[in-house]
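Enquirer: Attaching a predicted model along with its sequence, questions to come.
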Amino acid sequence: MEHDRSTAVAAVAALAEPTRRRVYDHVVRQPAAVSRDDTVAALDLPRATAAFHLDRLVADGLLDVHYERRTGRTGPGAGRPAKLYRRSDRAVAVSLPERSYDLAGDLLAAALTEAESSGRPPREALGRRAYERGQELGAAVARNGGQGRDGALRVLEENGFEPRVEDDGITLVNCPFHRLARAHSELVCGMNLRLIDGVLDQVSDSGLVASLRPTPDTCCVRLDRAPAVLRRQPAEGH
């Protein structure tokens, strides 16, 4: 997750360079893929400059490359295919503080689809989907050696919750679903709680329990030390 965020920041930063932004804008406005020579002619750039910026945009994941014989000829004598550039399918977004509206949208859409096919209440389906996604996030960290409280905090940090360790528990300083949570508090905060429940249930021996305790400037979920009796028993999955 941190690597993905760093990559997105680098991609956005790449467009801060004026000539590179001109090159990018030119490519994405064309109805078909463009060559270096097309870019040179359209923007009146030295060929080496156009080539440098085009390849930098490819390296940053903003453009894709493919090869094509533009004459339509094939076989011997047809010449080498031209190197052509077009916009990448990758979407790049950077938000500070971090937001995860794509994750919320995925969970809500999956829950609605499940509810329509099963006849179960949408809120119930959403809670189950969020819990399962939390388990997936927790399992990914656990496979890489993340266990205990540090493992759980790592999952939350990587997913934008900004956990802050305090004497009496852990405050999640940022809500990745902030705007949705403000507009639909009961639904989204319930989803958030089940997501974090899934994380804690998958990361063994975290010694933490999640509960809803909304405050104006933090996530609605707070983590506290689990009572000793809960630490000795596996948490209920659903």
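Expert: Now that the structure is in, tell me what you want to look at.
Enquirer: residues in contact with Thr215?
Expert: Listed by Cβ atoms under 8 Å, 6 or more residues apart in numbering, Thr215 has no contact partners. (Each C-beta comes from the backbone N, C-alpha and C, glycine too.)
Enquirer: Likewise for Pro121?
Expert: Pro121 is in contact with Ala115, counting by Cβ under 8 Å, 6+ apart.
Enquirer: how much space is there between it and Ile196?
Expert: Distance of Pro121 to Ile196, given as Cβ to Cβ, to the nearest Å: 21 Å.
Enquirer: cool, and Ala125?
Expert: For Ala125, the distance to Ile196 - Cβ to Cβ - is 18 Å.
Enquirer: isn't Pro46 right up against Asp37?
Expert: No - counting by Cβ atoms under 8 Å, Pro46 stays clear of Asp37, with 12.0 Å between them.
Enquirer: More neighbours: these two, which one.
Expert: Asp37 (12 against 9; other Cβ atoms under 10 Å).
Enquirer: give me the element the more buried one is part of.
Expert: helix 36-43 (DSSP states H and E).
Enquirer: which other helices and strands contact that helix?
Expert: helix 18-29, helix 47-59, strand 82-87 (3 or more Cβ pairs under 8 Å, 6 or more residues apart in numbering; DSSP states H and E).
Enquirer: contact partners of the second one?
Expert: Looking back up the chat, that one is helix 47-59. Contact with helix 47-59 is made by 14, 17, 19-20, 23-24, 27, 36-37, 39-40, 43, 63-65, 85, as judged by Cβ under 8 Å, 6+ apart.
Enquirer: picking up where we left off before, who has more neighbours, Ala125 and Ile196?
Expert: A side-by-side neighbour count of Ala125 and Ile196, using other Cβ under 10 Å, places Ile196 first with 29 against 21.
Enquirer: show me what contacts the more buried one?
Expert: Gly134, Leu156, Ala210, Val221, Leu223.
Enquirer: could you give the mean pLDDT of the biggest helix by length in the chain?
Expert: In the chain, with assignment by DSSP state H, the single longest helix is helix 122-143. Helix 122-143 shows a mean pLDDT of 95.
Enquirer: So which elements touch it?
Expert: helix 101-118, helix 148-158, helix 185-202.
Enquirer: buried stuff in it?
Expert: By neighbour count on 16 or more other Cβ atoms under 10 Å, the buried set for helix 122-143 is 125-135, 137-139, 141-142.
Enquirer: related to what we said a few turns ago, so can I have CSV of the contacts of Ile196 showing distance to Asp150?
Expert: Output for the contacts of Ile196, formatted as CSV (distance: Cβ to Cβ, whole Å):
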residue, distance to Asp150
Gly134, 17
Leu156, 11
Ala210, 17
Val221, 19
Leu223, 13
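Enquirer: now, among those residues, which is nearest to Thr7?
Expert: Nearest to Thr7 among the contacts of Ile196: Leu156, at 20.7 Å, using Cβ to Cβ.
Enquirer: Burial check on that closest one, number of neighbours?
Expert: A count of nearby residues for Leu156, using other Cβ under 10 Å, gives 26.
Enquirer: Would you mind listing the residues in contact with the residue lying closest to it once chain neighbours are set aside?
Expert: Excluding the flanking residues, the one nearest Leu156 by Cβ to Cβ, 6 or more residues apart in numbering is Pro163, at 4.7 Å. Each residue near Pro163 by Cβ under 8 Å, 6+ apart is listed here: Leu153, Leu156, Glu157, Ile170, Thr171, Leu172, Val173, Leu223.
Enquirer: Next, Pro163: phi, psi?
Expert: Per-residue torsions, Pro163: phi -70, psi 130 (degrees, to the nearest 10).
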